[in-house]
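[1] Let me see the structure of the following:
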Amino acid sequence: MGRVRVALAGVGNCASALVQGVFYYMNAEEGQEVPGLTSVRLGPYHVGDIEWVAAFDVSRDKVGKDLAEAIFSGHNVTPRFADMPPRLGVEVSPGPVLDGVAPHMWSRFNPHSLEVSLGDVVDVLRSSDADLLVNLLPVGSEEASRFYARAALEAGAGFVNGIPVFIASSEEWVRLYEERGLPLVGDDIKGQLGATVLHRTLARLMAVRGVLVEETYQLNIGGNTDFENMLAEERLASKRTSKTRAVTSVLPNGERLESEGRVRIGPSDYVPFLGNTKVAYIHIKGRSFAGFPVVLEAKLTVDDKSMFAGAMIDAIRGAKIAMDRGIGGPIYSVSAPFFKHPPLQAPSDEEAHRWFREFIEGARER
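    The predicted structure follows:
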């Protein structure tokens, strides 16, 4: 088994945190505390067994550069936190632009004008012998995400969908990946202790304690290009659905609250000076015994992309274990704990992580 050979679609701030994260824990010893990860080793795979073999981007500032340089190029603001070699020997290949760049982001992303076909991307994936393709495109890249999902399928690679485009939770893509015997994991990564996880936990706590939730909102602000991209409301439909369902799924009356418009969750503004810092404001209002009001307000401040990296490292290793076992289609036990809109939502985060542990140990099929 040995290595987990990974290709990246998108070399932005998320990719920077992810690539650096593997090097940060490269020499971690088993039994060592590793904040943000389930374990140094999952099944046969140590963190350091993840190997970057290909990468795609549309920015002239990144295409043609070695991946070790590209993750700090353009408008990436993820800080350097890992000791990395100056070169990884992986040149960033051009990907198709499609809808991966919002009109208001054109000058920021500085996209190339090259013609990139499906065959071009498939050839890179095959020649690199990639086991998995991880989708880290900007929010709203619906067409581009489906392009890469198709490319992975044609190249014989599993697909890990880190963004809110519904691939792993789509019946059509599930069928295609099942037919090819390739793992499909997603959709929309959850951070280690991100706003969605915290919101879910607080909402479920209120429900478990008998408080009837009547309304809730979550407002997020940040200063990286992800938040700047999300200023375009038309790119946020899947994002809002993904985050909303992650919270309403733990409430007995969640569907009703959603249908009545009593839930509002998602990015609300771009504040450039925040850089990679994300600030989330959470409000939950409900009624307790005898109808007395309960109002909960919370504020969370985190580094946006480091929150993502640990969850993705675990998801990548889980997907590779599924591939080793010949399991195709959606991998429920990997998707549920690490993604906001998985193909099967667990009743709680604790239950989702129990599924994951059982899957790694071989006690759960998928």
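[2] Could you give the average pLDDT over stretch 45-53?
    The average pLDDT within stretch 45-53 is 98.
[3] hang on, I meant stretch 160-168
    Averaging pLDDT residue by residue across stretch 160-168 gives 97.
[4] tell me how far the ends of that stretch are from each other?
    End-to-end distance for stretch 160-168, by Cα to Cα, to the nearest Å: 8 Å.
[5] So, low pLDDT: which residues of the stretch 201-350 of the chain?
    Low-confidence segments of the stretch 201-350 of the chain (pLDDT under 70): none present.
[6] Let me see the contact set for R146.
    165, 167 (Cβ atoms under 8 Å, 6 or more residues apart in numbering). (Glycine included, C-beta is placed from N, CA and C.)
[7] can you do 10 Å?
    Residues near R146 by Cβ atoms under 10 Å, 6 or more residues apart in numbering: 98-99, 135, 165-167, 170, 172-173.
[8] What of E234?
    Applying Cβ under 10 Å, 6+ apart to E234 gives the contacts 102, 140.
[9] can you confirm it is in a strand?
    No. Counting by DSSP: H, G, I helix; E, B strand; the rest coil, E234 falls outside a strand, being helix.
[10] what about it, distance to P347?
    The span separating E234 from P347 equals 33 Å under the rule Cβ to Cβ, to the nearest Å.
[11] In contact with the residue with the largest distance to the centre of the chain, which residues?
    Seen from the C-alpha centroid of the chain, the residue lying at the greatest distance (Cα atoms, centre = their mean) is A290, 41.4 Å away. Not one residue lies near A290 by Cβ under 10 Å, 6+ apart.
[12] hang on, it in a helix?
    Yes. Counting by three-state DSSP, A290 falls inside a helix.
[13] Do I have it right that G21 meets W52?
    No. Under the criterion of Cβ atoms under 10 Å, G21 makes no contact with W52, lying 11.7 Å away.
[14] count of neighbours near the nearest residue to D304 once chain neighbours are set aside?
    Closest residue to D304 apart from its sequence neighbours, by Cβ to Cβ, 6 or more residues apart in numbering: K278 at 3.9 Å. Other residues near K278 come to 24 when the count uses other Cβ atoms under 10 Å.
[15] Could you list everything K278 pairs with in the sheet?
    G222, V302 (DSSP bridges).
[16] how about it, what does it touch?
    Here K278 is in contact with 191, 194-195, 220-224, 226-227, 267, 300-305, 307 (Cβ under 10 Å, 6+ apart).
[17] Please name the nearest non-neighbouring residue to M84.
    Residue nearest to M84 in three dimensions, not counting chain neighbours: F23, with 4.9 Å by Cβ to Cβ, 6+ apart.
[18] does the one you found belong to a helix or a strand, and which?
    Secondary structure from DSSP states H and E places F23 in helix 13-24.
[19] That helix packs against which elements?
    Contact analysis of helix 13-24 by 3 or more Cβ pairs under 10 Å, 6 or more residues apart in numbering; DSSP states H and E lists strand 4-9, strand 50-57, helix 67-70, strand 132-135, helix 225-229, helix 304-324 as its packing neighbours.
[20] quick one: contacts of stretch 291-302?
    191-195, 197-199, 202-203, 205-206, 209, 211-216, 218, 220, 222, 274, 276-288, 307.
[21] coming back round to it: state the distance from the residue nearest to D304 to V334.
    24 Å.
[22] swap in P35?
    For P35 relative to V334 (Cβ to Cβ), the value is 20 Å.
[23] hey, where'd the strands end up in the protein?
    Using DSSP state E, the strands of the chain run over 4-9, 41-42, 45-46, 50-57, 92-94, 132-135, 158-161, 183-185, 212-222, 263-270, 277-287, 293-303, 329-330.
[24] which one of those lies closest to P103?
    Counting by Cβ to Cβ, P103 lies closest to strand 263-270 out of the strands of the chain; the figure is 15.3 Å.
[25] if we can go back for a sec, neighbour count: P35 and V334, which is higher?
    Higher neighbour count among P35 and V334: V334, with 31 against 8, using other Cβ under 10 Å.
[26] can you pull the contacts of that one?
    160, 168, 183-186, 314-322, 342, 352, 355-356, 359-360, 366.
[27] just the buried members of the contacts of K278?
    Neighbour-count burial within the contacts of K278 applies to 191, 194-195, 220-224, 226-227, 267, 300, 302-305, 307; the criterion is 16 or more other Cβ atoms under 10 Å.
[28] which ones are touching the closest residue in space to P343 that isn't next to it in sequence?
    With sequence-adjacent residues excluded and distances taken as Cβ to Cβ, 6+ apart, P343 is closest to P330, at 4.1 Å. P330 is in contact with 167-170, 173-174, 177-178, 183-187, 322, 342-344, 366, counting by Cβ under 10 Å, 6+ apart.
[29] cool, D269 as well?
    D269 makes contact with 219-223, 227, 230-231, 279 under the criterion Cβ under 10 Å, 6+ apart.
[30] Distance check, M312 against V122.
    23 Å.
[31] Can you list the low-confidence ranges for the stretch 51-200 of the chain?
    Residues of the stretch 51-200 of the chain that meet the criterion pLDDT under 70 are absent altogether.
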